[in-house]
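Chemist: here's my sequence, what's the structure:
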Amino acid sequence: MSKKRVIVEAVLAGKSQREVARLYGVSQPRVSQLLKAWRAGGWEALEPRSRRPLSNSRATPADLVEAICNLRRHLVADGCDAGPATIAALLARDHDKVPAISTIAAILTRAGLVTPQPRKRPKRAWLRFEADLPNECWQSDFTHWRLKTGRDAEILLWLDDHSRYLISATAHTPVTGTRVLDTFRAACALHGPPQSTLTDNGFVFTTRHRGAPNAFEVELANLGIAQKNGTPNHPQTQGKVERLNQTLKRWLTARPRASNLTELQQQLDAFTHYYNHDRPHRSLNRRTPATAYTARDKATPDNNAAAHFRIRDDIVHATGSVTLRRGGRMHHIKLGMPLAGTPVRMLIHDLHVLVIDRDTGEILRELTIDPNKDSQPRGVKPGPRPGHRKGGMPKGYKFKK
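Modeler: Coordinates of the predicted model:
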């Protein structure tokens, strides 16, 4: 959820601009600016806008684009060479300015006049990126491996992006969010925490598509570690750890297949030592990952990882509470029996929660979640309270629709 909307919602709930600015770490003029934008254009005005220009003065004129396409069709129909270089030479006879050959090729491709031919990509076409320092980014992924008994196992990998150093390789049946967190903590204890992580969008790594963060995401936020996730269905983003999967499986295939997790883990430990200390890596100028990993100082968390903002709508339960899931744990926020059936909105900033009445805009409760407790009590002393009947529901109680 956008931080801008959370700020505006908090002001609309009755908080002063100065208090909201202090609460969410922005300046008061910025809060006023967001309110002005919201009044002028609604919630859409708070969303990022494209900076793409409306027009391009350097675009190829439409009549020249049409001439290029017509010439292409004519040459193809005549069985002549219809490549971009030929078209450029023929255009030069009748036009003073001729687009570059690459521009002509792009025009033909956009017009659907080029039939792709499968071929091996040249080396210069591959773009490789790597972190500048060790521990600047850890990539993670898990892959499947079948045991000798036919049982499926999963191998969880943590890899340093800068040096290709294999931080951790562990066997599981299966990989779960808890095991991701445990192996990450063990790796941090041994090698120090990374500045960022890069994974795919599997639920063991992120639940941002479901709204609430999982335990691994909460751990990263608490440590100030930036979390990065690749584009769905685009494993090339995590190319280094994906390539490691191939190297690992080829190595395991050349050895007797493990019968159980213990044997598989022993093989993984042997592979980790071989990969880190014995195997020269082509992308590291034939150095080993261990040499590259220890050659420079390690990066550390910068404590500027993005905070978690979201808005949750709910209805107060008959018990006088609402629920909020965080880090895989359900928390019950007590509001009081008289509010049962009230539609509420929760403005959430990490552990800070502001609960407001959706109908009246009244602030019902403001609290900081205790992550170690399922129930978040109001702190009201026990005893009769106004509007309550002894041993039952409040007088005149009924659910709001």
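Chemist: drop to CA atoms for contacts and neighbour counts, all remaining ones
Modeler: Noted.
Chemist: which intervals of the stretch 201-350 of the chain have sub-threshold pLDDT?
Modeler: Of all residues in the stretch 201-350 of the chain, those with pLDDT under 70 make up the ranges 210-211, 234-235, 282, 286, 303-308, 327-328.
Chemist: where do the helices sit along it?
Modeler: Taking DSSP state H, counting those that start in this stretch as the criterion, the stretch 201-350 of the chain carries its helices at 215-223, 239-253, 261-273, 289-293.
Chemist: same check, this time on the stretch 1-150 of the chain
Modeler: For the stretch 1-150 of the chain, applying DSSP H, counting those that start in this stretch gives helices covering 3-12, 17-24, 28-41, 62-77, 84-91, 101-110.
Chemist: pick the most deeply packed of the ones you listed.
Modeler: Using mean count of other C-alpha atoms under 10 Å, the stretch among the helices of the stretch 1-150 of the chain with the largest mean neighbour count is helix 3-12, at a mean of 20.
Chemist: between helix 28-41 and it, find me the angle.
Modeler: With axes from the mean of the first three to the mean of the last three C-alpha atoms, to 10 degrees defining the directions, helix 3-12 sits at 90 degrees from helix 28-41.
Chemist: when you give positions from now on, start the count at 523
Modeler: Shifting the count to begin at 523 puts that one at helix 525-534.
Chemist: grab the most central residue of this structure for me.
Modeler: The chain has Asn751 as the residue nearest its centroid, 3.7 Å off, counting by C-alpha atoms, centre = their mean.
Chemist: could the helices of the stretch 723-872 of the chain be laid out in a markdown table, adding distance to Ala821 and mean neighbour count?
Modeler: As requested, the helices of the stretch 723-872 of the chain are arranged in a markdown table below (distance: least, C-alpha to C-alpha, whole Å; neighbours: other C-alpha atoms under 10 Å):
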| stretch | distance to Ala821 | mean neighbour count |
| --- | --- | --- |
| helix 737-745 | 14 | 20 |
| helix 761-775 | 19 | 15 |
| helix 783-795 | 22 | 16 |
| helix 811-815 | 11 | 20 |
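Chemist: export the ones you listed to a markdown table and tack on distance to Lys526?
Modeler: Putting the helices of the stretch 723-872 of the chain into a markdown table (distance: least, C-alpha to C-alpha, whole Å) gives the following:
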| stretch | distance to Lys526 |
| --- | --- |
| helix 737-745 | 20 |
| helix 761-775 | 34 |
| helix 783-795 | 45 |
| helix 811-815 | 40 |
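Chemist: which of the ones you listed sits closest to Thr890?
Modeler: Closest approach to Thr890 among those (C-alpha to C-alpha): helix 737-745, 14.7 Å.
Chemist: buried set for stretch 717-727?
Modeler: By neighbour count, with 16 or more other C-alpha atoms under 10 Å as the criterion, the buried positions of stretch 717-727 are 717-723, 726-727.
Chemist: tell me how far that stretch lies from the chain's centre.
Modeler: 7 Å (C-alpha atoms, centre = their mean, to the nearest Å).
Chemist: please apply the same query to stretch 840-848.
Modeler: On the basis of C-alpha atoms, centre = their mean, stretch 840-848 is displaced by 27 Å from the centre of the chain it belongs to.
Chemist: ok, Ser685 to Thr729 distance?
Modeler: Between Ser685 and Thr729 the distance, using C-alpha to C-alpha, to the nearest Å, works out to 29 Å.
Chemist: again, but for Lys526
Modeler: Plainly put, Lys526 is 22 Å away from Thr729 if you go by C-alpha to C-alpha.
Chemist: go on, Trp565?
Modeler: With the distance defined as C-alpha to C-alpha, Trp565 ends up 25 Å from Thr729.
Chemist: who's more crowded, the two?
Modeler: When Trp565 and Thr729 are compared on other C-alpha atoms under 10 Å, the one with more neighbours turns out to be Thr729, at 18 against 14.
Chemist: just give me the neighbour total for the nearest residue to that one once chain neighbours are set aside.
Modeler: Leaving out its chain neighbours, the residue that sits closest to Thr729 by C-alpha to C-alpha, 6 or more residues apart in numbering is Pro735, at 5.5 Å. Each residue near Pro735 was counted by other C-alpha under 10 Å, and the total is 22.
Chemist: again with Thr890
Modeler: Residues lying near Thr890 (other C-alpha under 10 Å) number 13.
Chemist: shouldn't it be in contact with Ile870?
Modeler: No: under the criterion of C-alpha atoms under 8 Å, Thr890 lies out of contact with Ile870, with a separation of 9.8 Å.
Chemist: so Leu678 sits in a helix?
Modeler: No: for Leu678, which was evaluated using DSSP: H, G, I helix; E, B strand; the rest coil, the result is strand, with no helix membership.
Chemist: any figure for the gap between the closest residue in space to it that isn't next to it in sequence and Arg834?
Modeler: With C-alpha to C-alpha, 6+ apart as the criterion, Leu678 has its nearest non-adjacent residue at 4.2 Å, and that residue is Phe664. When distance is defined by C-alpha to C-alpha, Phe664 is 32 Å away from Arg834.
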